[in-house]
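K.L.:
please work out how this folds:
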Amino acid sequence: MSGADPDMSRAVDVRLALAREWDQLVEDVRKLDGLEDFLKPPRLDTLLPAACGGPIAMINVSRWRCDALLVRPDGVEAKRLPGLTLETIVARTNEYLRALRTVDDATRGLYLALKRVEGGDHTLAATREYTDAKLAWQDATATRDELLTSLLPWLWDEIAEPVLDALGFGGIPRSDDVWPRLWWCPTGPLTLLPLHAAGYHGETGTGRTVLDRVVSSYTPTLRALLEARRPLKPALEHERILIVSLPDTPDEVPLIDVIRERDLLTSLFRGRHTLLDGAAALSTAVQDQLPRHTWAHFSCHGGQNLSDPSQGGLVLYDRTLTIADIGAKQHRGEFAFLSACMTAVGGVDLPDEAITVAAALHYTGYRQVIGTLWTVYDHIAADVAESVYTDLTSTGTFEPAQAAFALHKAIRCLRDVKRLPPSDWSPFTHTGP
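P.N.:
Numbers count the residues shown, from 1 in each chain. The predicted model follows:
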C-alpha cells in the first residue's frame, strides 16, 4: 500500500493549526466584558428584558405545528395555534401577493394609458386602451379588497384572538386608559401579512379586532428590540431630519401628494432639515446624508424583492437604494418614516428571509421605523404622515418615542372617521420600542 500523500498531510496539519487558533481567538474574545456569549446562542435571561415595555408574541411557523411564544419579562409561555398550518399560511400569502402584484401592474397600465390620452392621442385605439386599463384596475382592486376582507378575520381567528386572550387583552380600553402595547414577531411568510390589522372590522363596537385592543408594533427579533431599547444620545448637531422627496421619478407613476408631505415637513422642521428633492435625491447624496441625521423621511416609490430580498429598497432618482446598501453601514438614528410604495415582488421563495426595508433600517440602527407592507396610495400616505407628525410635534418638540401611538391613532382615524377600507390603512406598520 502506498504512503500518505505529503500534500494532503500538510493540508491536514494546516487545517488543524487554524482550528486551534480559531478556538483560542474565540476564547480570548469571550474574556472581554460584554462578550461572554460570543458565538453562543443567546441566553433566555438576556433576552427577556426586551419585553419590559409590553409582551411580545413570536409566531413560530413550521410544517409540524405552529405556536405563539408569549414573551414577558418573567418568562415565556407557549400557546399552541391548532388551526394554523404552514401550508395554509403559504397559500394565503401567495394568493394575496398575486392580488397585490395585479393591482400594481394594473395601476401602471392605467397610468400609461391615461398619459397617452392626456398627451393628445384621441384615437379610438387610445381611448379603448384607457377604458380597458381602467376596467382592469377596478377589477384588480376589487379582487384585492375581497381577499383582504377574508384574510383579516382569518388572522384574527387563528392567531390574534388566541394571543390577545392568553395575554389578558380581552376588551376595548376605555378612552381615558393608557393603551396596552403588544409587539408582534412573526416568522416565515407571516412577516408579509398584517397581523396588526387582524379582525372583524365590519362589526362596530365588538372589539373583535387587534386595532381596538392594543397598540401594535413589530420587531424582527428579540435581540433587535432589546438593542433598540438602549438609550440613544445623538450629538445635538445631528438632531435634524433628512427629507427625501420624489414626486416624479423617471419611469415611475407620479406621486402628486408627495409635495404635500414635503411642504408639511419643511414647515414643521424649519431650520432643522435637509431636503433632497427630485433630481437631488440621488443614491450617493442620500447615503452621504443619512449618517448626519437622527431622523429621516422618505417620500418615494419602493420595492420588496422576495426572491432576492437584499435587492429590494427605495427607488431614488438615479437608482434603487437597496437593502444591501442600507445594511452596509450602521446608523445611530432615532426615527425613520418610509412613506413609500412597497411593492412585493415574486413568490415566497425565501419565507424565512423576507427582510423589508423597514426591518433593514431598524437592524442598522434606527430605533423607530414607520413603513408599509405593500403599495399605498400617495394621498393616503400623506394623510398618515400629516397625522403622525402633527401628533409627534404637538408639544412643541419632536417626540419620536411616541411613534407607535401616533400611528395607531392615525390608522383608527382612517378606519373610524374617514370610513376607508382596510386596503387603505392596513399596510402601515411600526417597528421598534
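K.L.:
just the pLDDT at the residue nearest to L84 when sequence neighbours are not counted, thanks.
P.N.:
Take L84 and drop its neighbours on the chain: the residue closest to it by C-beta to C-beta, 6 or more residues apart in numbering is C66, 4.0 Å away. Heads up, the C-betas are built off the backbone N, CA and C, glycines and all. Looking at C66, its pLDDT reads 93.
K.L.:
which residues touch C66?
P.N.:
Under the criterion of C-beta atoms under 8 Å, 6 or more residues apart in numbering, the neighbours of C66 are 59-60, 80-81, 84-86, 89.
K.L.:
can you pull out the helices in the chain?
P.N.:
Assigned by DSSP state H, the chain shows helices spanning 6-30, 44-47, 86-118, 124-155, 161-167, 222-228, 258-268, 283-289, 323-327, 357-363, 378-392, 403-416, 422-425.
K.L.:
and those helices, which is most packed in?
P.N.:
Among those, the stretch with the highest mean neighbour count (mean count of other C-beta atoms under 10 Å) is helix 357-363, at a mean of 25.
K.L.:
beta partners of W184?
P.N.:
Counting by DSSP bridges, W184 is bridged to A57, Y218.
K.L.:
I'd say it and S217 touch.
P.N.:
Yes - at 7.3 Å, W184 and S217 qualify as touching, with contact defined as C-beta atoms under 8 Å.
K.L.:
against D177, how distant is P291?
P.N.:
40 Å (C-beta to C-beta, to the nearest Å).
K.L.:
between these two, which has more neighbouring residues?
P.N.:
More crowded of P291 and D177, by other C-beta atoms under 10 Å: P291, with 14 against 8.
K.L.:
for that one, give me its contacts.
P.N.:
Neighbours of P291 in contact, by C-beta under 8 Å, 6+ apart: 329, 331.
K.L.:
for Y317, same thing?
P.N.:
Y317 touches 246, 249-250, 278-282, counting by C-beta under 8 Å, 6+ apart.
K.L.:
let's go with 6 Å and repeat that
P.N.:
Residues near Y317 by C-beta atoms under 6 Å, 6 or more residues apart in numbering: 279, 281-282.
K.L.:
domain parsing for this protein?
P.N.:
Per automatic domain parsing, the domain ranges recorded for the chain read 86-218, 233-431.
K.L.:
just among the contacts of Y317, which is most surrounded?
P.N.:
A281 (24 neighbours).
K.L.:
for the spatially closest residue to R213 that is not a sequence neighbour, what are its contacts?
P.N.:
Excluding its sequence neighbours, the residue lying closest to R213 (C-beta to C-beta, 6+ apart) is F169, at 4.8 Å. Contacts for F169 (C-beta under 6 Å, 6+ apart) come out as 180, 213-214.
K.L.:
go again using 10 Å as the cut-off
P.N.:
Neighbour list for F169: 54-55, 160-161, 163, 180, 182, 207, 210, 213-214 [criterion: C-beta atoms under 10 Å, 6 or more residues apart in numbering].
K.L.:
got it, and T322?
P.N.:
283, 303, 305, 308-314, 328, 357, 360.
K.L.:
who does it form a beta bridge with?
P.N.:
Under the criterion used (DSSP bridges), T322 bridges to G313.
K.L.:
quick one: residues contacting the residue lying closest to L282 once chain neighbours are set aside.
P.N.:
Once flanking residues are discounted, L282 sits nearest to D318: 5.0 Å by C-beta to C-beta, 6+ apart. By C-beta under 10 Å, 6+ apart, D318 lies in contact with 249-250, 279, 281-286.
K.L.:
distance of the nearest residue to L155 once chain neighbours are set aside relative to S216?
P.N.:
Here the nearest residue to L155 in space, its sequence neighbours aside, is A198; by C-beta to C-beta, 6+ apart that works out to 3.6 Å. Counting by C-beta to C-beta, the gap between A198 and S216 amounts to 9 Å.
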